[in-house]
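Novice: quick one, fold the following:
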Amino acid sequence: MLSSQSSAKSIFAIDLGTSGPKVALVAPDGRVLAHGREETPTLFLPGGGAEQKPEDWWRAIVCAARALLAQQAVPVESISIISVTSQYSCTVAVDSRGAPLMNAINWMDTRGAHDIRKVVGGWPSFEGYGLTRLMKWIRLTGGAPTLSGKDPIAHILYIKREHPEIYAAAHKFLEPKDYLNHRLTGRFAATEDSINLHWLTDNRDVNDIHYDDGLIALTGVDPDKLPEIVRSTDILGPLLPAAASELGLPPGIPVVGGTTDFQSSAIGSGAVRDFEAHLYVGTSSWISCFVPFRKTDLLHSIASLPSAIPGRYSVANEQECAGSCLAFLRDNLIYPDDDLALGPAPECAYERFDAVAALAPPGSERLLFLPWMYGERTPVEDASVRGGFLNLSLKTRRATMVRAVMEGVAFNSRWLLSCVESFCGKPFDGINMIGGGARSALWCQIYADILNRTIRQVDDPLGANARGAGLIGSIALGCSTFDDIHRHVEIARTFQPDPANRAIYDELFREFLKAYRQNKAMFRRLNKVA
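Specialist: This next block holds a predicted model:
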């Protein structure tokens, strides 16, 4: 069946998340008309390694694309542009043909920590940084490489040290979005937002983002191995025949620069005016907004960096684990893969979690969950910290544990919220919530109660990234503007903080902060990080 949009333009959006790609057809006003998705694995390796296979991404995208087009939601001829968004802070080393030379290094990978600390260190020292080098980085970029080794610049330095033959053979180092764009167009390019975490660009003039020769020399990276920089709304080129054939699309469709998931989620949330906040809860999480200034809070790993909206900055931060904590609970405790009798987790596992968590009282009978399952980025950068339950007893029920996980993730967001609002110089009136976690009405209410802020559940919250990518494509086509976006995104439901839960959540939040401060030294002893 063809929709009523059959005669209108549509955007083919590719959203590559950590758990796999989503492919969608998006109307120029941002409505997701149809979508399909596939899953891809992450490989966790000794020494802090986390990798994915770029060929897995492409095969999954092709599979999802063909299934999507088979729905015939719109005629293929109406597809007017392709827009890609993807996970961020990952590295794909490719040869001159764009073929990957090794697995992609994921945003959770810490194996480059030793390498980046050598580059940024020095005397006099401040929080592990050489003060002179730190000031240079902040002056030029607005931030500095994280010491955890999770930024692309650390990934590149790790490859240079540990795999010198791959470094030598690498033609370019690309983010996942930019790798996919090359596969679509044959062009090696990064966008002003996707290149941010290489920490090699001069961002002082948001209308003139360019590589800085001094920073490149400081890191020792070959400048020829870096992609050109374009804007998110720039057209990279036409869809190549080979890629078109695999996807089932006509060749020649223009491909736009696109953006990272951090930026597409902001656009897809509808919160695009200055100081309008959005909260993303997916595998990871963040609280962000667009701002009219460049600023750095090094102590909390927060900075305002060039955004996908030309001429604008956005507040950059990331909470490492959010929905992945529930996935851990599902796959390792509730439906473990080593229990053959129980079988795999059902597709409705998260709906079951919602139902069972609702049986536990707010505060989870004072059971605390620490969500730092793979270290943390913000509001503290600590690669050695780990998660767990505190205050378990023989009376603890499954319902209490599930709710405690949801609350623990939200407690970390409250910690982050205080830092982001301080960074912005004002509290947020309300927050647009998106991502897979926003599908849960219970979790939305938990966030409202713990943050003590109005939570606005965006309609189709799981489609926010695809919607944002689609809107980038719409703007590139001239069908929309960034000023139109807040009118296009609908709010499904609003959640107000429940005053009855204020006391218990305030008490537990204080204990949550103490749990980190009193145990961080122990975590460092137990989880030695290079």
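
Novice: in what helix or strand does residue 237 lie?
Specialist: Residue 237 belongs to strand 235-238 when assigned by DSSP states H and E.

Novice: and the helix or strand that comes right after that strand, what does it pack onto?
Specialist: Using DSSP H and E, the helix or strand that follows strand 235-238 towards the C-terminus is helix 241-247. For helix 241-247, the packing partners by 3 or more Cβ pairs under 8 Å, 6 or more residues apart in numbering; DSSP states H and E come out as helix 54-70. C-betas here are computed from N, CA, C, even on glycine.

Novice: show the pLDDT at the nearest residue to residue 359 once chain neighbours are set aside.
Specialist: Nearest residue to residue 359, sequence neighbours excluded (Cβ to Cβ, 6 or more residues apart in numbering): residue 399, at 4.3 Å. At residue 399, the model reports a pLDDT of 96.

Novice: so how far is residue 14 from residue 399?
Specialist: Distance check for residue 399 against residue 14: by Cβ to Cβ, to the nearest Å, it reads 38 Å.

Novice: now swap in residue 117 and tell me
Specialist: Taken as Cβ to Cβ, the span from residue 117 to residue 14 is 35 Å.

Novice: may I have stretch 398-410 exported as PDB, CA atoms only?
Specialist: Backbone C-alpha positions of stretch 398-410 (Å, rounded to 0.1, in the frame of the first residue of the first chain) are rendered in PDB as follows:
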ATOM      1  CA  ARG A 398      13.500  -9.100  41.200                       C
ATOM      2  CA  ALA A 399      11.000  -6.200  40.900                       C
ATOM      3  CA  THR A 400      13.200  -4.100  43.300                       C
ATOM      4  CA  MET A 401      16.300  -4.800  41.400                       C
ATOM      5  CA  VAL A 402      14.800  -3.900  38.000                       C
ATOM      6  CA  ARG A 403      13.500  -0.600  39.400                       C
ATOM      7  CA  ALA A 404      16.800   0.100  41.100                       C
ATOM      8  CA  VAL A 405      18.600  -0.100  37.800                       C
ATOM      9  CA  MET A 406      16.200   2.400  36.200                       C
ATOM     10  CA  GLU A 407      16.600   4.700  39.200                       C
ATOM     11  CA  GLY A 408      20.400   4.300  39.300                       C
ATOM     12  CA  VAL A 409      20.700   5.400  35.700                       C
ATOM     13  CA  ALA A 410      18.500   8.400  36.500                       C
END
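
Novice: ok, back up a step: what about residue 399 and residue 14, which has more around it?
Specialist: Neighbour count, other Cβ atoms under 10 Å: between residue 399 and residue 14, residue 14 has more, with 27 against 18.

Novice: so that one sits right up against residue 82, yeah?
Specialist: Yes - Residue 14 is within contact range of residue 82, at 7.2 Å (criterion: Cβ atoms under 8 Å).

Novice: helix or strand next in line after the helix or strand harbouring residue 412, which one?
Specialist: Using DSSP H and E, residue 412 sits in helix 398-424. Proceeding C-terminally, helix 398-424 gives way to strand 430-434 as the next helix or strand, assigned by DSSP H and E.

Novice: mind listing what's buried in the following helix or strand past that following strand?
Specialist: Next along the chain after strand 430-434, taking DSSP H and E as the criterion, comes helix 441-451. Residues 442, 443, 444, 445, 446, 447, 448, 449, 450, 451 are the ones in helix 441-451 that count as buried (16 or more other Cβ atoms under 10 Å).

Novice: per-residue confidence at the fourth one?
Specialist: Going back to what we said before, that points to residue 445. pLDDT for residue 445: 98.

Novice: just give the nearest non-adjacent residue to it, would you?
Specialist: Leaving aside its chain neighbours, residue 445 sits nearest to residue 495 (5.0 Å; criterion: Cβ to Cβ, 6+ apart).

Novice: where do the domain boundaries of this protein fall?
Specialist: Per automatic domain parsing, the structural domains of the chain span 10-269, 323-423+495-526.

Novice: ok now the first one, how far from the chain's centre?
Specialist: What it means is domain 10-269. Distance of domain 10-269 from its chain centroid, counting by Cα atoms, centre = their mean, to the nearest Å, is 11 Å.

Novice: burial measure for residue 358, as a count.
Specialist: 15.

Novice: let's have the chain start at 31 instead
Specialist: Done: numbering now begins at 31, and the last item shifts to residue 388.

Novice: ok, it - contacts?
Specialist: For residue 388, the contacting residues are 429, 433, 472, by Cβ atoms under 8 Å, 6 or more residues apart in numbering.

Novice: same check, this time on residue 331
Specialist: Counting by Cβ under 8 Å, 6+ apart, residue 331 makes contact with 176, 347, 407, 408, 409, 410, 411.
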